[in-house]
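> let's see this in three dimensions:
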Amino acid sequence: QVQLVESGGGLVQVGGSLRLSCAASGRTFSSYFLGWFRQAPGTEREFVAGISSWSGLSLYYADFVKGRFTISRDNAKNMVALQMNSLKPEDTAIYYCAAAKEVLDMRLRRSYDYWGQGTQVTVSS
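Alright, predicted model coming up:
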């Protein structure tokens, strides 16, 4: 069982930065693939970024955040982070972290076993 709790959301101006964190419980945190998703009002939840299990050497990003967002993990602290730079109004959404024991397609919600409650990010123009 893994419990995930996001933090770090808030209101930021266009071009600004935010760092989201997701704290996890569970002794097997290192073995999970971790992902960040987001959901804006009236839209489907979409994949944002993912990081491989254990050493986290493999990083994956949706095209719309490449070069702006960076995902990282700290297994010693049971945490995954999403550094978001050069924020745009279209980045406004609730951001969720998720954990998957085995990932067939990281972009699909059903690939993930555990989800956090989400944290709101609002980018104002």
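> so residue 40 sits right up against residue 93, yeah?
Yes: counting by Cβ atoms under 8 Å, residue 93 is a contact partner of residue 40 at 4.2 Å. Backbone N, C-alpha and C define where each C-beta goes, glycine included.
> and those two? which has more neighbours close in?
residue 93 (22 against 14; other Cβ atoms under 10 Å).
> so what pairs up with the more buried one in the strands?
Counting by DSSP bridges, residue 93 forms beta bridges with residue 121.
> ok, it to residue 51 distance?
19 Å (Cβ to Cβ, to the nearest Å).
> repeat for residue 70
Distance from residue 70 to residue 51, by Cβ to Cβ: 10 Å.
> of these two, who's got more company?
Higher neighbour count among residue 70 and residue 51: residue 51, with 23 against 16, using other Cβ under 10 Å.
> what's across from the more buried one in the sheet?
residue 34, residue 59.
> test my guess that it contacts residue 32.
No: the criterion here is Cβ under 8 Å, and residue 51 misses it with residue 32 at 9.8 Å.
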